[in-house]
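**Student:** sequence plus the predicted model coming up.
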Amino acid sequence: MTPLSGLLPPLPHELVLLGGVAHLLILTASAMVPFRLKWKEALAPLPRLHRQMYMLHVG
């Protein structure tokens, strides 16, 4: 037991579920960003390695 365990109420199941749903929505939105902003065309002038590094960090 931690010193704060008596002060904090237990986390309701609904909040955990809501957090999971929000996480999935953010994940879906961030996966769509490169397509919606047409990054394939925008990053075309960059060297291949730079494009791959950029997409790796985004995706």
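**Tutor:** All right, it came through fine.
**Student:** tell me the buried residues in the helix or strand encompassing I26?
**Tutor:** Per DSSP states H and E, I26 falls inside helix 13-36. Neighbour-count burial for helix 13-36 flags P34 (criterion: 16 or more other Cβ atoms under 10 Å). C-betas here are computed from N, CA, C, even on glycine.
**Student:** pLDDT on it, on average?
**Tutor:** Averaged across helix 13-36, the pLDDT comes to 90.
**Student:** and it, C-alpha only, in PDB?
**Tutor:** Taking only C-alpha atoms (Å, rounded to 0.1, in the frame of the first residue of the first chain), the coordinates of helix 13-36 have been written out as PDB:
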ATOM      1  CA  HIS A  13     -14.300   1.000 -14.700                       C
ATOM      2  CA  GLU A  14     -16.100   3.600 -16.900                       C
ATOM      3  CA  LEU A  15     -13.200   6.000 -16.700                       C
ATOM      4  CA  VAL A  16     -10.700   3.300 -17.800                       C
ATOM      5  CA  LEU A  17     -13.000   2.300 -20.700                       C
ATOM      6  CA  LEU A  18     -13.400   6.000 -21.700                       C
ATOM      7  CA  GLY A  19      -9.600   6.400 -21.700                       C
ATOM      8  CA  GLY A  20      -9.200   3.300 -23.900                       C
ATOM      9  CA  VAL A  21     -11.800   4.600 -26.400                       C
ATOM     10  CA  ALA A  22     -10.100   8.000 -26.500                       C
ATOM     11  CA  HIS A  23      -6.800   6.400 -27.000                       C
ATOM     12  CA  LEU A  24      -8.100   4.400 -30.000                       C
ATOM     13  CA  LEU A  25      -9.700   7.500 -31.500                       C
ATOM     14  CA  ILE A  26      -6.400   9.500 -31.200                       C
ATOM     15  CA  LEU A  27      -4.500   6.500 -32.700                       C
ATOM     16  CA  THR A  28      -6.900   6.400 -35.700                       C
ATOM     17  CA  ALA A  29      -6.700  10.100 -36.300                       C
ATOM     18  CA  SER A  30      -2.900  10.200 -36.100                       C
ATOM     19  CA  ALA A  31      -2.700   7.300 -38.600                       C
ATOM     20  CA  MET A  32      -4.900   9.300 -41.100                       C
ATOM     21  CA  VAL A  33      -2.800  12.500 -40.900                       C
ATOM     22  CA  PRO A  34      -0.100  11.500 -43.500                       C
ATOM     23  CA  PHE A  35      -2.800  10.600 -46.100                       C
ATOM     24  CA  ARG A  36      -5.000  13.600 -45.400                       C
END
